[in-house]
Each structure stands twice: as C-alpha cells, then as structure tokens.
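Trainee: I'll drop the sequence and a predicted model, then ask my questions.
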Amino acid sequence: MTTLAHTLSDSRVMLRRNLKHQLRYPSMTVMLIGLPIVLLLLFVYVFGGQLGAGLGAHEGRGAYLNYVVPGLLLLTVASAIQGTSIMVAMDMTGGIIDRFRTMAIARASVLTGHVLGSLIQTLVAIAVLIAVAFGLGFRSAAGPLQWLAAIGILALFAFALIWLAVALGLAAKSVETASNTPMILFLLLFLSSGFVATATMPTGLRQFAEYQPLTPVADTVRGLLSGAAIGDHAIAAIAWSIGIAVVAYLWAIRLYNRRRAAEPK
Amino acid sequence: MTSVPASTGIAARDVCKSFGDHLVLDKVSLAAEEGTILALLGPNGAGKTTMVRILSTLIPADSGSMRIAGHDVVTDPDGVRAVIGVTGQFSAVDNLLTGAENLQMIADLRHLGREAGRRRVAELLEQFELTDAAHKLLSTYSGGMRRRLDLAMTLVGKPGVIFLDEPTTGLDPRSRRTMWQIIRALASAGVTILLTTQYLDEADQLADRIAVLDQGRIVAEGTPAELKSRIPGGHVRLHFADPQLLHSASELLPAAAPDQDELVLQVPADGTVDSLRGLLDELHEARISVERLSVHTPDLDDVFFAVTGSHVTAQLNGDHAPQGVLLS
C-alpha cells in the first residue's frame, strides 16, 4: 500500500473508533446535543417575549426564534467541540496513545480520526437543533442553495474550531482542564450577534462584538436563512474559519509531536 | 556515538537520558539475542521504563546507539515500529470498545487485510482465553483479562521483538503464572523479549540473561546462574539456646561466623542433604544441641543486595517471603 492509502486507511480506523466512542459514551453525546436544545427553549420561552419586543414594534417571541436560531447553531458547535477537547485529552492521558505511537501508523491519523468524528457529531447535533427549531415554529425564507451555503459555513467554522479543540485537548494537563477551556467560546458567543443585535450594546463592547469571529458567522447564517443580504459577512466568516483552522492545525500537530519528548508520568 | 552491529535481536550501547538535571540513564548497554528473554531488573525509579520507552521509539535518548532487529531506533523509527510490540506498565487498551473490537482495530492498523485480520483476532481471543468475553465492553473485564488482552493486542502483528514493561505487576499469583507461560511460549517461538521487572523470582524464572539496573546504571549482567555464582555460597544458620552452646559450636566449626547477640552460628554450606546431614552428625557427636536451623541457598536477592546496596531491602520484604527454609 502507498503512504496515502495507509493514511486514509488508518484515519478511517480512527474515525470508526471515535464514532463508536460517541455511541458508547452516550451521556456525553446526549449532553452535548441536548444542551443547545435546552438553551433554545430557554431563550425562546423565557427571554423570547421580551427580547422579541426589542426587535421591532410588532415583533414577538416568534420573531426572536427566527433571530436566535443561528446563534444557537453556533452554540451547538461550541458545545460539540467541548466534547472533542475532552475526548482528545482522555486519549492522551490514557495508555492507548502510547500503543499507537509504537506502531507504524500514519502519524496524523489519531488526530484526523478525532476531527472527522467530531465533525460528524456536530452536523448531527445541528440537524437535531434545526428539527427542534422547526417544531417550535421556526420559519426560513431560504431555498435549498441558501440552506446548503448556511450548513457549509457552519461546517467550515466547526472544522476550524474542532482543530482548535484538538489543540486545547492536547495542551491540557488533565481531562478537567480540557473540558473547561472551550467554555471561553460560550462567553464569546454571548459577546457576539448570536443572541442579540450588536447595535444594542454599549460602544466598547459593540466594537469588540463586531470584530470577533463569531459575529460574521452568525450574521452570514442568519442572512442566508432569512433570505436577507449577507454582504461582506460571508467573506469575513470564511477568512476567520480558514485562519483559525490553519493556526490550530499547526499548533495541534506541534503539540502532538512534542508530547513524544515528555517525561513519563 | 559508538555504532552497534546489526543484529536480529536488541542491541543498545551507551544510552544516556536526562530529564532536566536528573540523569535517568547513565551509559546503559543491553543486548538480547534473537529468540531470547532479557530481563531488566531493578527497583522502582531505576530507569527501566525510560529504557523501554526509548527503545520502543516513544521518547528520544540524549545519546547512544540502538538497533532493534537491525533497524536503527534514531534514524529508522518506523522500521522499528513495524517489527516491535510493546506492552506498557499502564494498560494500553481502549476502554470504550469490546475485546474483539480492540484486537480488530489493531489488526486494521497493522493492515493485515480483512480475512487475515479476522482470523488473527479469533486466534488470539482463543489463545488468551478471551473468546467468551470477546463481545463484552472492557469495563466488565478483570485486571488479569485486561492484561491478557493488552498482550494479545501487542501480538496481533506477530512482532519479532517484544517489550514488556512490568507485565505481571498487580496480577494475582495464578494470572502471574499464566503470563509466565505465555512469555515462555513466545520466546520458544523465536520472539526476542525484553521484560522489565522488580520481581527477582520472575527474572530468575523467565530470563536467559539478566541486567540489573540501579539508579540508571547497569550494575550487573549475566545469566541467572552467572549472577548467582558471583555471590558467596549458601549457608546454614544454627540457632542456640544459650551462649555456651554457641561458643562450643564455633570452636567445633572454625569456618563459621558466630553472632553473639542473636545466638546464631552461620555455617557455610552448599545446601545439599549430605552436607547438612554431615553437619548435624558432627554436632550430635559433640553433644551440642541446636535449637533450630535454617538453610539459606543463594538466590537473586543475594545478587541484588550484593550489587545495589541495602536500600532495596525494605522494598523487597513487602513482596517476597524469606527464601530460606526454616526447620525446627
């Protein structure tokens, strides 16, 4: 077999392993998929009435549901990558990684297995959230192409964040740290256009919100799903995604290779 | 760097490794011929695991040259990885998979092919008595079963060289015997084995050659018999009821060493029944009554104490019953 064929074959084995992990560790999988749904219900039924009124004179809970779904799709991504980070850290602190390292397998396959597994999990979680949102009365003006574009933008951003989560999982000294670090994304999401329009924020905060990566992604997805214009948001979203993916990928590979020199516990 | 001749077994020369200021391995040289078992014997913290991690390409050495089955560890790590199997001290199994899935995963990563892989998995499950538990999750496995699966995973690709880092630590006596049988069978099938252990009887039972590692240095090396021959012979300890009897006995046996505090006379002896009978007859004729006696034959404990110093004693007492035979 050629090197490329080995890499693909090894990555497929690792992907299968990670998908099995997700099924065998259902409490985490259910939590990661369930959390965004609970928050969706919370945002729509608890905050929705008041927040919806802020969208315009005759708007209400239904309008806010339409507004907030892109934000919760991002929250779904953030929630899923927390799982990635935990899974990677669990792998690195367990004995199995040493077995993989003493075998002649494609070096990157351990990490690509995690990335692809998490991407599939994220897409499933996104599908579940969209289904629930429709059940609650979410309505979209988007055609199939806009839907595809929206999912594509989310998947690209998720791909970038998953590599970031892999790096964070590798950098973490313990599984607990690995599960906490991605929390910063939840905070960033609140400081973006995910849940409320940035125009309603005080100046300093608004500037921060407008120039951080989650806002253009949220605005692009929102624009695509509501049939509105997306302007430069899409370009910013794609640029951020590619930038984060490249940096996180290089960081993760470096951490993965450097761990070889680490002192045994 | 000194070069090491190509070999089908394990050859390491002058391996050094420091973690920060702490020198963990100090010019360690090892050699194991093809199909033999080399035991790396030493207390906790001697550097055994570090040596295994270096030879199995997990961490780089600071200096030294190493070849595994002819492949250079530094310049051809993937060549080494293709021929070795490693069972570390901490179980390297996937807890969220079943036993069969664990083995199948390794078969796939070894690129055995669908049919050959499946056959090998079934074969190993059978060999390691895991067939009944094959489709159960590892959370239901006992410690002994996990260790057997761990070793089975190491053997999936039929490696020619195997590293076993403390393979029986934490196992009950029965599982330990089973593990010994498996290790012996592997060596007789031509597999070269480097095993680390802190159990002296384990090294004595299994190894063709033993290297004693203490604080990062090889302090003794040889066959179990050679190591035993390097220490003083065995002896008989005679315990007396009063100092007068001890005094008479030591006059009768000038070669013996008396211990006035313990009322014990230590008589050199080769441990055979004839020499023991002769000794007892001599004492009987001189009408010196002995309260009780113990026979002490040389074993690896003696080697260990002789070459590494007494600090290991406390550690060994917990694990091992005294090797002498007590008669009263």
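Mentor: That came in fine, so what should we check first?
Trainee: And the residue nearest the centre of the chain?
Mentor: Unless you meant another one, I'm taking chain A. Most central residue of chain A, judged by C-alpha distance to the mean C-alpha position with C-alpha atoms, centre = their mean, is A:Val77 at 2.5 Å.
Trainee: could you do chain B instead?
Mentor: Among the residues of chain B, the smallest C-alpha distance to the mean C-alpha position (C-alpha atoms, centre = their mean) belongs to B:Ala203, namely 3.2 Å.
Trainee: about what we covered before: any idea how far the closest residue to the residue nearest to the centre of chain A other than its chain neighbours lies from A:Gly83?
Mentor: Nearest-residue entry for A:Val77: A:Ala158, 4.6 Å, with adjacent residues in sequence omitted and distances by C-beta to C-beta, 6 or more residues apart in numbering or on different chains. C-beta here means a position set from N, CA and C on the backbone, and glycine is covered the same way. When distance is defined by C-beta to C-beta, to the nearest Å, A:Ala158 is 12 Å away from A:Gly83.
Trainee: What of B:Thr168?
Mentor: When distances are taken as C-beta to C-beta, B:Thr168 and A:Gly83 turn out to be 37 Å apart.
Trainee: Between those two, which is the more surrounded one?
Mentor: Between B:Thr168 and A:Gly83, A:Gly83 has the larger neighbour count (other C-beta atoms under 10 Å in any protein chain shown), namely 27 against 22.
Trainee: Now the common contact residues for A:Ala158 and A:Gly83.
Mentor: Counting by C-beta atoms under 8 Å, 6 or more residues apart in numbering or on different chains, the common neighbours of A:Ala158 and A:Gly83 are A:Ser118.
Trainee: Any stretches of chain B with poor pLDDT?
Mentor: Judged against pLDDT under 70, the low-scoring parts of chain B cover residues B:1-7, B:231-233, B:298-301, B:305, B:308-328.
Trainee: Let me see the domain layout of it.
Mentor: In terms of domains, chain B is parsed into B:10-223, B:235-327 (source: automatic domain parsing).
Trainee: Could you identify which of the ones you listed is most buried?
Mentor: Per-residue neighbour counts averaged over each of the domains of chain B give the maximum for domain B:10-223, namely a mean of 19 (mean count of other C-beta atoms under 10 Å in any protein chain shown).
Trainee: What residues does the stretch 101-250 of chain A have near chain B?
Mentor: When proximity is defined by C-beta under 8 Å from any C-beta of the partner chain, the stretch 101-250 of chain A lies next to chain B at A:101-105.
Trainee: what do you get if the cut-off is 10 Å, keeping everything else the same?
Mentor: Taking C-beta under 10 Å from any C-beta of the partner chain as the measure of proximity, the stretch 101-250 of chain A contacts chain B at A:101-107, A:109.
Trainee: ok, now which ones touch the residue in the stretch 151-300 of chain B that chain A sits nearest to?
Mentor: In the stretch 151-300 of chain B, the residue found nearest to chain A is B:Met153; the distance is 6.9 Å by C-beta to the nearest C-beta. Counting by C-beta atoms under 10 Å, 6 or more residues apart in numbering or on different chains, B:Met153 makes contact with A:96, A:99, A:103, B:85-87, B:91-94, B:99, B:102-103, B:105-107, B:124, B:128.
Trainee: What of B:Gly9?
Mentor: If you count contacts by C-beta under 10 Å, 6+ apart, B:Gly9 has them with B:30-36, B:38, B:67-70, B:160-161, B:192-194.
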